[in-house]
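Q: Any chance you could fold what I've pasted below:
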Amino acid sequence: MRIFKVYLYGLLVLLFVVFIIQNFQTLTQGISLRFNLGFISLISIPIPLYLVAAVLFFGGVLLTSLIHWAEKRPLVKEIKILKRNTAPASPAAGPDSVSPKGAGPAEAAARKTEADEKKSEGGTIVSSKPLIRKDPSGGDKPSLSS
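A: Okay, the predicted model is just below:
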C-alpha cells in the first residue's frame, strides 16, 4: 500500500509539471487586482498568476488549519481532564501478582488467572476461563458454566 501511495504522488507531481509546462506563458502573465468601492479605488502592481494561485492555496491551508485547531483545542482539554479524573483501567498490582524469584512462567500465568477470577465489576465475575464446558456426564452437549 505504501508503494502505491508513492506511485500516486509521483504521478500527481508529473501531471502538475506537465500542466505548468503547457501553460507557462499564461501562468507567468501579470494580472492586476482591483478593489473599487466608489469613493476609493485601489489597483495592485502586476502580479504573476502562479504567485496569486500559490498565495490563495497556502492561505486556504492556513485558514483550514486554524479552524481545525480551534475546534480540537477544547476537546483535547476535556480529554486531559477526563483522564485525570478517571481511575486507571487496571487496578494497581497487588502483592499476589508479583511472582517470586525463580518462579517459572507457568506459575506466573496461574497466579494471573487466579487474580482475574477474583476481580469483579458490578457483581459480574471476570474470568479468563471459557464460559462453556463439556457436560460432566460425558455427553457431547456443552453446558453453560456458572
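Q: Quick one: mean pLDDT over the lengthiest helix in the chain.
A: If you go by DSSP state H, the chain has its longest helix at helix 49-85. Taken as a whole, helix 49-85 carries a mean pLDDT of 93.
Q: buried sites along that helix?
A: Residues of helix 49-85 classed as buried by neighbour count (16 or more other Cβ atoms under 10 Å): none. Bear in mind the C-beta positions are built from the backbone N, C-alpha and C, glycine included.
Q: and it, what other elements does it pack with?
A: helix 24-28, strand 30-31 (3 or more Cβ pairs under 8 Å, 6 or more residues apart in numbering; DSSP states H and E).
Q: ok, residues contacting the first one?
A: Contacts of helix 24-28 with the rest of the structure, by Cβ atoms under 8 Å, 6 or more residues apart in numbering, involve I20, P48, L49, Y50, A53.
Q: can you pull the contacts of the last one?
A: With contacts defined as Cβ under 8 Å, 6+ apart, the neighbours of A53 are L27.
Q: from here on, count from 38
A: Got it, first residue is 38 now, which makes that one A90.
Q: Since that was my last question, I'll sign off now.
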